[in-house]
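Trainee: only the shape, not the letters, is given here:
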Ligand SMILES: Nc1ncnc2c1ncn2[C@@H]1O[C@H](COP(=O)(O)OP(=O)(O)OP(=O)(O)O)[C@@H](O)[C@H]1O
Ligand SMILES: CC(=O)N[C@H]1[C@@H]2OC[C@@H](O2)[C@@H](O)[C@@H]1O[C@H](C)C(=O)O
């Protein structure tokens, strides 16, 4: 199946689109990919929406307007990519994520995006709504990419850890017997981007310059590292804003711009190290995907926090910017074929679980 995967992550930077040929179990060819940045107004409105989402009715006009604009950007990304395909994998923009572990029917996860509109605008069938069946069954609803990591890493030496540093961090550990253990590690670029925006007005701390000019504050870092999320065993997943209160209470706001950025970088790296303590065995190496691998301050902090080698996924021949979008192409094929998306080791569902929906 020729698919185009579409991912707009928690950092709200835009839409990644990637072409993949796949049967859902294997990847044939990977093709071109692109990132279409959200325009600053949409990014601002989505950031506002994250703060409002908990109290918003589904027919709120501001919400619907954001949803339409998000969908239009996705259609534009598909059209710009200009590759022949049969199926789109449309993740949508997460605005709220509150799973209720082990309590079927109680959790909530919300990705905005109008699949029918995207199907009309592109003339293609769309797989969408990847997370709700898992949350409805009492799973975490995230992360979903681990099964695709496993497909991609079939020939790599194990145990292996694949770390994605987006707005939130998530990791997939793959054992020698192909066992999967996957979960969200903690905040990654999300709080760093918010910090950089307040301190410098920029969308993010480009090349980690601000963080590299500062020193982590031991007291603030110590308070953050005491957060119960880090010690809690997997399965577990996060909302983009889950640590905002902890960051305020830890006194991060009182730090200088550079020390604050350095402290957030150190926290992200130490949260990854804490994640490693939940693995059944240490990995032989960590392969890093997502925008965070472009931040030298973060990569340096990871190298000092982790005992094993840390390398960008490019060493395995993968594209760390396109990986998540490619994964949603593969997941779309899995939806179309009725293959499971989530597993006991990834989202904590009791059984491997299918999910997602298809437009007509
Ligand atoms: N050169 C760079 N220097 C520092 N940080 C960078 C650089 N390039 C990208 N980033 C960071 O990467 C982020 C984008 O990462 P990515 O696209 O992986 O996130 P996402 O897909 O939105 O998130 P998620 O994986 O949580 O869904 C930016 O917001 C920024 O913080
Ligand atoms: C609810 C939600 O959108 N979660 C995202 C987010 O961004 C990173 C991390 O938190 C991960 O759990 C997930 O995304 C990836 C694509 C996943 O599901 O594998």
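Mentor: Ah, there it is. Source: prediction; values computed, not measured. Numbering: from 1, shown residues only. Ligands and ions are numbered 1, 2, ... in the order given.
Trainee: residue 200: how many residues sit nearby?
Mentor: Neighbours of residue 200 under the rule other C-beta atoms under 10 Å: 15. C-beta here means a position set from N, CA and C on the backbone, and glycine is covered the same way.
Trainee: what residues does it make contact with?
Mentor: Counting by C-beta atoms under 8 Å, 6 or more residues apart in numbering, residue 200 touches 210, 257.
Trainee: let's verify residue 219: helix, strand, or coil?
Mentor: Classification of residue 219 using DSSP: H, G, I helix; E, B strand; the rest coil returns helix.
Trainee: what are the contacting residues of stretch 55-69?
Mentor: Residues contacting stretch 55-69 (C-beta under 8 Å, 6+ apart): 42, 45, 46, 49, 52, 93, 112, 113, 114, 117.
Trainee: kindly confirm my reading that the third one is in a helix.
Mentor: Yes - under the criterion used here (three-state DSSP), residue 46 sits inside a helix.
Trainee: what about it, how many residues nearby?
Mentor: Residue 46: 19 surrounding residues under other C-beta under 10 Å.
Trainee: how about the fifth one?
Mentor: Taking other C-beta under 10 Å as the neighbour definition, residue 52 ends up with a count of 13.
Trainee: and for the fourth one?
Mentor: Other residues lying near residue 49 total 22 when counted by other C-beta under 10 Å.
Trainee: same check, this time on the one 4 residues further on
Mentor: Applying the criterion other C-beta under 10 Å, we find 20 residues in the vicinity of residue 53.
Trainee: residue 346 now?
Mentor: Residue 346 has 31 neighbours, counted by other C-beta under 10 Å.
Trainee: let's see which of the contacts of stretch 55-69 end up in strands.
Mentor: The members of these that map onto strands under DSSP state E are 93, 112.
Trainee: check contacts around the residue nearest to residue 115 when sequence neighbours are not counted.
Mentor: Computed as C-beta to C-beta, 6 or more residues apart in numbering, the closest residue to residue 115 that is not its neighbour in sequence is residue 128, at 4.0 Å. Contacts for residue 128 (C-beta under 8 Å, 6+ apart) come out as 89, 90, 91, 92, 113, 115, 118, 356, 357, 358, 359.
Trainee: and for residue 326?
Mentor: 5, 18, 20, 27, 30, 33, 148, 319.
Trainee: helix/strand/coil for the third one?
Mentor: Same thing as residue 20. With three-state DSSP as the basis, residue 20 sits in strand.
Trainee: how far away is residue 122 from residue 213?
Mentor: For residue 122, the distance to residue 213 (C-beta to C-beta, to the nearest Å) stands at 45 Å.
Trainee: same question, residue 353
Mentor: 46 Å.
Trainee: ok, those two, which is more surrounded?
Mentor: Set side by side, residue 353 and residue 213 show more neighbours around residue 353, with 18 against 15, by other C-beta under 10 Å.
Trainee: what does stretch 228-243 contact?
Mentor: Everything outside stretch 228-243 that qualifies as a contact, by C-beta under 8 Å, 6+ apart, is 10, 50-51, 94, 96-99, 101, 139-143, 167-168, 170, 181-184, 186-187, 190-191, 224, 227, 271, 274-275, 278, 345-348.
Trainee: list buried residues within those.
Mentor: Neighbour counting by 16 or more other C-beta atoms under 10 Å classes 10, 50, 94, 96-99, 101, 139-143, 167-168, 170, 181-184, 186-187, 190-191, 224, 227, 271, 274-275, 278, 345-348 among the contacts of stretch 228-243 as buried.
Trainee: just the buried ones from the contacts of residue 128?
Mentor: Listed as buried from the contacts of residue 128 are 89, 90, 91, 92, 113, 115, 118, 356, 359; burial here means 16+ other C-beta under 10 Å.
Trainee: now those residues as TSV including distance to ligand 1 and pLDDT?
Mentor: Formatted as TSV, the buried ones among the contacts of residue 128 follow (distance: C-beta to the nearest ligand atom, whole Å; pLDDT from 0 to 100):
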residue	distance to ligand 1	pLDDT
89	14	99
90	14	98
91	8	98
92	11	98
113	14	98
115	19	98
118	19	98
356	17	98
359	23	98
